[in-house]
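Trainee: What follows is a protein structure lacking sequence information:
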(Lines give C-alpha, C1' and ligand atoms only; values in the text may rest on other atoms or scores of the structure.)
Protein backbone atom coordinates (compact mmCIF):
# COMPACT_ATOMS: atom_id res chain seq x y z
CA UNK A 1 0.00 0.00 0.00
CA UNK A 2 1.42 3.34 -1.03
CA UNK A 3 0.48 5.94 1.55
CA UNK A 4 -1.73 3.84 3.77
CA UNK A 5 -0.78 1.23 6.29
CA UNK A 6 -3.33 -1.00 7.94
CA UNK A 7 -3.47 -0.94 11.71
CA UNK A 8 -6.12 -3.42 12.82
CA UNK A 9 -9.35 -2.31 11.19
CA UNK A 10 -8.24 1.31 10.69
CA UNK A 11 -6.22 2.69 7.81
CA UNK A 12 -3.64 5.34 8.69
CA UNK A 13 -1.34 7.46 6.60
CA UNK A 14 2.19 6.09 6.71
CA UNK A 15 4.57 8.42 8.53
CA UNK A 16 7.74 8.97 6.58
CA UNK A 17 8.71 12.32 8.03
CA UNK A 18 8.84 15.70 6.37
CA UNK A 19 9.65 15.56 2.65
CA UNK A 20 13.09 17.05 2.01
CA UNK A 21 11.58 19.46 -0.52
CA UNK A 22 9.61 21.04 2.30
CA UNK A 23 12.21 21.05 5.03
CA UNK A 24 14.50 23.67 6.49
CA UNK A 25 17.51 23.00 8.69
CA UNK A 26 17.04 24.30 12.21
CA UNK A 27 19.98 23.42 14.44
CA UNK A 28 19.51 23.54 18.21
CA UNK A 29 19.05 27.09 19.45
CA UNK A 30 22.23 26.74 21.54
CA UNK A 31 24.25 25.09 18.78
CA UNK A 32 27.82 26.24 18.21
CA UNK A 33 26.79 26.60 14.54
CA UNK A 34 24.72 29.66 15.43
CA UNK A 35 25.88 33.02 16.63
CA UNK A 36 24.02 34.14 19.72
CA UNK A 37 20.67 35.77 19.01
CA UNK A 38 19.40 36.32 22.56
CA UNK A 39 20.78 37.16 25.99
CA UNK A 40 20.23 35.26 29.25
CA UNK A 41 16.86 37.01 29.78
CA UNK A 42 15.60 35.78 26.38
CA UNK A 43 15.81 39.28 24.90
CA UNK A 44 16.96 39.47 21.29
CA UNK A 45 20.46 40.79 20.72
CA UNK A 46 21.13 43.39 18.06
CA UNK A 47 23.62 41.33 16.05
CA UNK A 48 22.25 40.03 12.75
CA UNK A 49 23.10 36.86 10.89
CA UNK A 50 24.74 37.45 7.53
CA UNK A 51 23.74 35.88 4.18
CA UNK A 52 26.13 32.98 4.74
CA UNK A 53 24.51 32.08 8.05
CA UNK A 54 20.96 32.47 6.72
CA UNK A 55 21.72 30.30 3.68
CA UNK A 56 22.79 27.57 6.09
CA UNK A 57 19.15 27.21 7.20
CA UNK A 58 18.12 26.34 3.64
CA UNK A 59 21.06 24.16 2.64
CA UNK A 60 22.82 22.90 5.75
CA UNK A 61 26.57 23.25 5.23
CA UNK A 62 27.00 20.18 7.44
CA UNK A 63 24.73 17.91 5.36
CA UNK A 64 24.59 19.49 1.89
CA UNK A 65 27.95 21.22 1.43
CA UNK A 66 27.83 21.40 -2.37
CA UNK A 67 24.29 22.77 -2.53
CA UNK A 68 25.21 25.21 0.25
CA UNK A 69 28.26 26.48 -1.67
CA UNK A 70 26.27 26.98 -4.86
CA UNK A 71 23.35 28.65 -3.07
CA UNK A 72 25.53 30.96 -0.99
CA UNK A 73 27.57 32.03 -4.04
CA UNK A 74 24.35 32.78 -5.90
CA UNK A 75 22.79 34.66 -2.97
CA UNK A 76 25.99 36.69 -2.55
CA UNK A 77 25.92 37.62 -6.26
CA UNK A 78 22.24 38.53 -5.99
CA UNK A 79 22.95 40.71 -2.94
CA UNK A 80 25.57 42.60 -4.97
CA UNK A 81 23.37 43.13 -8.05
CA UNK A 82 19.83 42.81 -6.50
CA UNK A 83 18.47 41.53 -9.85
CA UNK A 84 19.84 39.02 -12.35
CA UNK A 85 18.80 38.14 -15.88
CA UNK A 86 18.96 34.72 -17.50
CA UNK A 87 22.31 35.68 -19.08
CA UNK A 88 23.73 36.68 -15.68
CA UNK A 89 22.59 33.37 -14.20
CA UNK A 90 24.08 31.37 -17.08
CA UNK A 91 27.37 33.26 -16.62
CA UNK A 92 27.36 32.46 -12.89
CA UNK A 93 26.75 28.76 -13.56
CA UNK A 94 29.45 28.64 -16.23
CA UNK A 95 32.09 30.66 -14.37
CA UNK A 96 31.71 28.68 -11.13
CA UNK A 97 31.72 25.24 -12.76
CA UNK A 98 28.30 24.49 -11.32
CA UNK A 99 26.23 21.68 -12.78
CA UNK A 100 23.28 23.21 -14.63
CA UNK A 101 21.05 20.36 -13.48
CA UNK A 102 21.99 20.89 -9.84
CA UNK A 103 21.49 24.64 -10.03
CA UNK A 104 18.23 24.70 -12.00
CA UNK A 105 16.67 21.56 -10.47
CA UNK A 106 17.81 21.74 -6.84
CA UNK A 107 19.19 25.08 -5.72
CA UNK A 108 17.07 27.62 -7.59
CA UNK A 109 13.71 25.92 -6.90
CA UNK A 110 14.38 25.69 -3.16
CA UNK A 111 15.49 29.31 -2.89
CA UNK A 112 12.26 30.23 -4.67
CA UNK A 113 10.09 27.87 -2.56
CA UNK A 114 11.29 29.28 0.75
CA UNK A 115 10.79 32.85 -0.47
CA UNK A 116 14.39 34.08 -0.58
CA UNK A 117 14.18 34.90 -4.28
CA UNK A 118 11.47 35.98 -6.68
CA UNK A 119 11.48 34.64 -10.24
CA UNK A 120 9.69 36.71 -12.85
CA UNK A 121 9.37 36.13 -16.56
CA UNK A 122 8.64 38.61 -19.34
CA UNK A 123 6.80 37.43 -22.44
CA UNK A 124 8.42 38.88 -25.52
CA UNK A 125 7.29 38.27 -29.08
CA UNK A 126 10.02 38.59 -31.68
CA UNK A 127 8.72 40.76 -34.52
CA UNK A 128 10.50 38.98 -37.36
CA UNK A 129 9.62 35.39 -36.42
CA UNK A 130 6.57 36.02 -34.22
CA UNK A 131 8.17 33.54 -31.82
CA UNK A 132 7.50 34.03 -28.12
CA UNK A 133 10.22 33.73 -25.54
CA UNK A 134 10.18 34.39 -21.84
CA UNK A 135 13.44 35.68 -20.37
CA UNK A 136 13.89 35.16 -16.64
CA UNK A 137 14.57 37.84 -14.03
CA UNK A 138 15.50 36.91 -10.49
CA UNK A 139 15.54 39.31 -7.55
CA UNK A 140 15.79 39.13 -3.78
CA UNK A 141 12.49 38.66 -1.95
CA UNK A 142 11.41 39.61 1.57
CA UNK A 143 8.90 36.73 1.72
CA UNK A 144 11.34 34.45 3.57
CA UNK A 145 11.88 37.05 6.30
CA UNK A 146 8.21 37.94 6.53
CA UNK A 147 7.30 34.26 6.88
CA UNK A 148 9.65 33.67 9.78
CA UNK A 149 8.83 37.00 11.43
CA UNK A 150 5.15 36.00 11.41
CA UNK A 151 6.02 32.67 13.04
CA UNK A 152 8.30 34.35 15.59
CA UNK A 153 5.92 37.20 16.41
CA UNK A 154 3.05 34.73 16.82
CA UNK A 155 5.07 32.57 19.20
CA UNK A 156 6.18 35.59 21.24
CA UNK A 157 2.53 36.67 21.54
CA UNK A 158 1.54 33.17 22.69
CA UNK A 159 4.29 33.14 25.35
CA UNK A 160 3.49 36.68 26.52
CA UNK A 161 -0.22 35.84 26.74
CA UNK A 162 0.45 32.67 28.74
CA UNK A 163 2.81 34.47 31.12
CA UNK A 164 0.44 37.39 31.62
CA UNK A 165 -2.46 35.00 32.36
CA UNK A 166 -0.31 33.18 34.89
CA UNK A 167 0.72 36.50 36.44
CA UNK A 168 -2.93 37.59 36.77
CA UNK A 169 -3.85 34.21 38.30
CA UNK A 170 -0.98 34.49 40.83
CA UNK A 171 -2.11 38.02 41.78
CA UNK A 172 -5.69 36.91 42.43
CA UNK A 173 -4.47 34.09 44.71
CA UNK A 174 -2.48 36.51 46.85
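Mentor: Arrived safely, thanks for sending. Note that the structure is predicted; figures quoted are calculated from it, not measured.
Trainee: Which residue lies nearest the spatial centre of the chain?
Mentor: Centroid-nearest residue in the chain: residue 114, 3.8 Å away (criterion: C-alpha atoms, centre = their mean).
Trainee: where does this structure dip in pLDDT?
Mentor: 1-10, 14, 170-174 (pLDDT under 70).
Trainee: Show me where it has its strands.
Mentor: 4-7, 10-13, 83-85, 117-121, 124-125, 132-133, 136-140 (DSSP state E).
Trainee: Kindly reformat the ones you listed as CSV containing distance to residue 67.
Mentor: Bear in mind the C-beta positions are built from the backbone N, C-alpha and C, glycine included. Shown next, in CSV, are the strands of the chain (distance: least, C-beta to C-beta, whole Å):
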stretch, distance to residue 67
strand 4-7, 32
strand 10-13, 29
strand 83-85, 19
strand 117-121, 15
strand 124-125, 32
strand 132-133, 29
strand 136-140, 17
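Trainee: so which of these comes closest to residue 156?
Mentor: Closest to residue 156 of these, according to C-beta to C-beta: strand 136-140, at 25.8 Å.
Trainee: Direction included, what does the closest one pair up with?
Mentor: Strand pairing for strand 136-140, determined by DSSP bridges: strand 83-85 (antiparallel), strand 117-121 (antiparallel).
Trainee: which residues sit against the longest one?
Mentor: Read it as strand 117-121. Contact partners of strand 117-121, identified using C-beta atoms under 8 Å, 6 or more residues apart in numbering, comprise 78, 108, 111-112, 134-141, 143.
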